[in-house]
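In: here are the coordinates; sequence isn't available:
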């Protein structure tokens, strides 16, 4: 695994971890049934019980395409909501500028699911209209995730904001997927439900190497222990099943693990030592 010059290479595929800043969410909700005295050692909360989470996105160059995985929360929220969620830090557009890229340069956008902190940057305000941020891109998400996002239930409606994805559908820019799919050679989505019924993780392969983005199955390294499951997860027992499936495979195969919400360790190799799982950070920026 080459990780020099601010990027990671898997054969001909290369990727960067870039940021749409931070979001601050309730620590109790982020760790579910885990008692605060345990989780606060790993993620110290602020005075409002919120912990700092990154909105890490992937910028991938593969098969002649420029691909974004996740778009963060974006810039459309009003000041009240931005304060509630503690949105701060660099925007995704600013992060792209570091690589001399404009929104027009992106060919493909992949949303692991359609919660606001993963797809808010899909769209932007243009005067009084919401329009796609990446005008030349195809946007990919699971079909059933989109269906649910258009008709969320009482428990999760606050996470689904139509302005983040309905304009994409109206513009005919969505490619809706039905299960595991190779988007381009070396870039594959794999459905891993639990957090939502149809969330997808990312598997990147090339040069005999693999990187696996857990999305919200394992949002931070603190969530690696099997019972450390978010209160936000709609199907926690399904999350547990998928953690039991994917974490051991990442360890056994020596894959690089990518974490979309970890503010300190966005990428790491997972090692078992004395019966415990440890994350060995990899510097990517």
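Out: Nice, I can see it. Remember, predicted model here, so these are calculated numbers, not experimental data. Numbers count the residues shown, from 1 in each chain.
In: which secondary structure element is home to residue 245?
Out: Here residue 245 sits within helix 236-253, counting by DSSP states H and E.
In: and what of residue 175?
Out: strand 174-177.
In: in that strand, what counts as buried?
Out: For strand 174-177, the neighbour count (16 or more other CB atoms under 10 Å) marks 174, 177 as buried. C-beta: built from backbone N, CA, C; applies to glycine.
In: which helices and strands does that strand pack with?
Out: Packing contacts for strand 174-177, counted by 3 or more CB pairs under 8 Å, 6 or more residues apart in numbering; DSSP states H and E, involve strand 138-142, helix 143-150.
In: looking at the ones you listed, which is nearest to residue 39?
Out: Judged by CB to CB, the one of those that comes nearest to residue 39 is helix 143-150, at 27.6 Å.
In: thinking again about what came up before, run through who's touching the strand holding residue 175.
Out: With CB atoms under 8 Å, 6 or more residues apart in numbering as the test, strand 174-177 has contacts from 138-143, 146, 165, 168, 189, 200.
In: right, and the helix or strand after the helix holding residue 245?
Out: Taking DSSP H and E, what comes next after helix 236-253 is strand 256-258.
In: which residues are contacting the helix or strand following that following strand?
Out: Using DSSP H and E, the helix or strand that follows strand 256-258 towards the C-terminus is strand 267-273. With contact meaning CB under 8 Å, 6+ apart, strand 267-273 is reached by 8, 17, 211, 221, 224, 247, 250-251, 254, 256-259, 277-282, 284.
In: buried ones from the residues you listed, can you make that a ChimeraX selection?
Out: Under the burial definition 16+ other CB under 10 Å, those of those that qualify are selected in ChimeraX by:
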select :8,17,211,221,224,247,250,251,256,257,258,259,277,279,282,284
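In: what helix or strand is residue 211 on?
Out: Taking DSSP H and E as the criterion, the element that holds residue 211 is strand 209-213.
In: filter the contacts of strand 174-177 down to the buried ones.
Out: 138-142, 146, 165, 168, 189, 200.
In: just the closest of those residues to residue 98, please.
Out: Set against residue 98, the nearest of the buried ones among the contacts of strand 174-177 by CB to CB is residue 139 (22.8 Å).
In: still on that earlier bit, now do the strand holding residue 175: distance to the chain's middle.
Out: Relative to its chain's centre, strand 174-177 lies at 18 Å (CA atoms, centre = their mean, to the nearest Å).
In: and what of stretch 15-30?
Out: Worked out by CA atoms, centre = their mean, stretch 15-30 lies 9 Å from the chain centre.
In: buried ones in stretch 67-81?
Out: Counting neighbours by 16+ other CB under 10 Å, stretch 67-81 gives 67-77 as buried.
In: please disregard the earlier target; I meant stretch 124-141.
Out: Per 16+ other CB under 10 Å, stretch 124-141 contains these buried residues: 124, 130, 132-134, 137-141.
In: just send the residues you listed back as a markdown table, with distance to residue 40 too.
Out: Formatted as a markdown table, the buried residues of stretch 124-141 follow (distance: CB to CB, whole Å):
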| residue | distance to residue 40 |
| --- | --- |
| 124 | 36 |
| 130 | 38 |
| 132 | 40 |
| 133 | 36 |
| 134 | 38 |
| 137 | 40 |
| 138 | 42 |
| 139 | 37 |
| 140 | 37 |
| 141 | 34 |
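In: contacting residues around the helix holding residue 245?
Out: For helix 236-253, using CB under 8 Å, 6+ apart, the contacting residues are 32, 192-195, 201, 210, 212, 214, 217-218, 224, 226-227, 229-230, 233, 255, 257, 270-272, 277.
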